[in-house]
Structure formats: C-alpha cells, structure tokens
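> Okay, here's the prediction I keep looking at, along with the sequence it came from:
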Amino acid sequence: MTLTDDWFTEICPESGSAFSLQVKRKLHEERTPFQHIEILETTHFGTLMVIDGFIMLSDRDNFLYHEMMSHPVLFTHPAPERVLIVGGGDCGTLREVLRHPEIKQVTQVEIDERVTRLAERYFPELCEANDDPRATLLFADAIRWVKEAAPGSLDVIIVDSTDPVGPAEGLFSAKFYRDCMRALGDEGVLVHQSESPLIHQDLIRAMRGAMREAGFSRLQTILFPQPVYPSGWWSATMAGKGGPLNLFREEASRNKPFPTRYYNHAIHRAALAMPEFWGEKVDCSTLSR
C-alpha cells in the first residue's frame, strides 16, 4: 500500500497488479489493538475505508458486495429466520439482511468495535439498521462464539471477513467450518467471502476443501463484480447441509419487498454460472453438489 499526496494505491503482489484511487484528504487514522484503520476522502469513489493497507469499502461500490453477501444466501435457504454475521463491522451486510421481513434475529460478532464506530461516523447509511430490535451487535472473538453456539441454533451464517491474515486467518479453517456445521440447523447454509476467482483460485480451492472436510455436502461459489478489490471480480462460497445450492426461491426473489441496486433474481441466476477455465482450476465438478 502507498499513499502519496494525491493517490492511494493498493498493490496486489500475487497478481502483479495495483489499484489506485485519487484522494482529496485523509479523514481519520488510528491503530486499534487489532489493526490499522484509515478513512480517506476520494475524488470519485466517495469515502474509503482501508484496513492494514487493504481497501475494505467505498461509498461508490459497496452495495455490490453487501447485496451479494446477503441476498443470494437468504433466498437459497428455504425459510431463514436466525442469522449470524461474522465480522461485517461496517454493518452494510447487516442492513441488507434486515431488509428481509421474515428474519427474526441477527447476531453480528465483530472483533474490532472501532470498525463499527467509524462506520457509524463515516458511513452512516450502512448503519441504518443498527438499532433494529432484531439485531444484536457483539464485539468479541467470533471463532469462540461459534464454537460455543447451541447446536442447530442458526439458519444462515454469513462470514463477512477480511482477507485470511491476522484476526481473520482462523475463519478459513476446517475447524471453524466444523463449528459452523454444528451450529446450523438441518437446512442451514454458510456463505464466506472467497476473494478473486481470477487470482485467488488456490485459496478458493482450499476453502472448498476445508468445507468438505468439515462435513458440508453442498457447495456453490457465486461470482460478482467489485471494482475496488483486486482484479475487480469477486466471489462468495456457500456451503449447505440441505438441498442443492444452485436452486433458490426465485419467485420470492423476483417479488422481493425491498429495493436493491444490483441484486435481483436474474443476477442471482447469473452469479451461479461458472467460467470454463474453472473446470481445471477449482474442481468445477462439485461447485453445486
């Protein structure tokens, strides 16, 4: 990561590429017990949150990520009521989950409270649902929380984590997925952000292997654009205990009673389609089994 007087640049060494945004000024900077957080004002992407040198979100395009981390998995589960969000400190995913009227309870477990407090200050539109009576915000170790959760107590787990380094590293393990498996009900579905399908294929393959090792019988990776992340192309991987994950409640999705900016039933269907080159890179034969 580099920050000059006019530009913020995130370098992605594994792809030999970099992404830059023109910056007006730095709004905030602090080092928490967990990570280094910066808030920048850019010329064209609005406010930008950077953690440990990696872009987390911008005003301009965060809706892509938050909608695709929440609506596909919720319309895949037959009747989601009880949701856990692991991480998600900016609260954008929480807001999208709570748009679903059938949701009765959402617990968000974020290890670093400062991420949420800064989001409330600099991204208030993402935090509109923080006071919803169905929401509980906890600032704790999510790995321990899931390990101690009652068996079958959750319908959906959304792992809205940073990259697999630092505090988030343990979230990408078979041990964690096994605890998620136990905490989910019979039709339970887990979804975990799984990086770029173009440049992080080894990670996606390892995640899928760890999910299978944990006992998940159904896997499905979905793809969507995300301009401020490496390659501009991102993914999330679902793991389920029930029916096929390449099927979803399409009629309910088509008639959703809330607005979205990107997600709809056709986008959901398209996100399930896998590129040809994944057949040899990511074990395409089990993507939706």
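It's in. Numbering: from 1, shown residues only.
> tell me, which helix in the protein spans the most residues?
Assignment by DSSP state H gives helix 62-76 as the longest helix of the chain.
> That one: what's the following helix or strand?
Counting by DSSP states H and E, the next helix or strand C-terminal to helix 62-76 is strand 82-87.
> Low-confidence ranges, this structure, go.
Filtered on pLDDT under 70, the chain yields the residue ranges 1-5, 162-170, 279-289.
> beta partners for the residue positioned nearest the centre of the chain?
The centroid of the chain falls nearest to Asp160 when counting by CA atoms, centre = their mean (3.3 Å). Using DSSP bridges, the bridge partners assigned to Asp160 are Gly87.
> which ones are touching it?
69, 85-88, 93, 193 (CB atoms under 8 Å, 6 or more residues apart in numbering). Bear in mind the C-beta positions are built from the backbone N, C-alpha and C, glycine included.
> do Asp59 as well
Going by CB under 8 Å, 6+ apart, Asp59 touches 45-48, 123.
> switch to 6 Å and redo it
By CB atoms under 6 Å, 6 or more residues apart in numbering, the contact set of Asp59 is 46-47.
> Offset the numbering so it begins at 7, please.
Noted, 7 is the first residue going forward, which turns the last one into Asp65.
> Phi, psi for it please.
phi -60, psi -40 (degrees, to the nearest 10).
> Next, work out how far apart it and Ile109 are.
To Ile109, Asp65 is 26 Å away according to CB to CB, to the nearest Å.
> do the same with Val56
31 Å.
> okay, those two: which has more neighbours?
Neighbours per residue (other CB atoms under 10 Å) separate Val56 from Ile109, with Val56 holding more: 22 against 19.
> so which strand or helix has the more buried one?
Assigned by DSSP H and E, Val56 falls in strand 53-57.
> ok, then the element right after that strand?
Using DSSP H and E, the next helix or strand after strand 53-57 towards the C-terminus is strand 60-64.
> ok now that following strand, how far from the chain's centre?
How far strand 60-64 lies from its chain's middle: 12 Å, per CA atoms, centre = their mean, to the nearest Å.
> That strand: partners in the sheet, and parallel or antiparallel?
Paired strands of strand 60-64, with direction, are strand 53-57 (antiparallel) (DSSP bridges).
> chain center to the strand it pairs with: distance?
In terms of CA atoms, centre = their mean, the centre of strand 53-57 is set 16 Å apart from its chain centre.
> So what angle separates the directions of that strand and helix 68-82?
Here strand 53-57 points in a direction 70 degrees away from that of helix 68-82 (axes from the mean of the first three to the mean of the last three CA atoms, to 10 degrees).
> Nearest residue to Arg260 in space, ignoring adjacent ones along the chain?
Computed as CB to CB, 6 or more residues apart in numbering, the closest residue to Arg260 that is not its neighbour in sequence is His271, at 4.3 Å.
> Isn't that neighbour up against Glu257?
No - the criterion here is CB atoms under 6 Å, and His271 misses it with Glu257 at 8.2 Å.
> out of the two, which sits in the busier spot?
Neighbours of His271 and Glu257, each counted by other CB under 10 Å, are more numerous for His271; the result is 18 against 9.
> Next, the closest residue to Gly191 other than its chain neighbours: phi, psi?
Excluding its sequence neighbours, the residue lying closest to Gly191 (CB to CB, 6+ apart) is Gly158, at 4.6 Å. Torsion angles at Gly158 (phi, psi; degrees, to the nearest 10) stand at phi 70, psi 20.
> what's the distance between Gly158 and Ala85?
14 Å.
> the more surrounded of these two?
A direct count of neighbours by other CB under 10 Å for Gly158 and Ala85 places Gly158 higher, at 14 against 9.
> quick one: that one from Gly246, how far?
Using CB to CB, we find Gly158 at a distance of 14 Å from Gly246.
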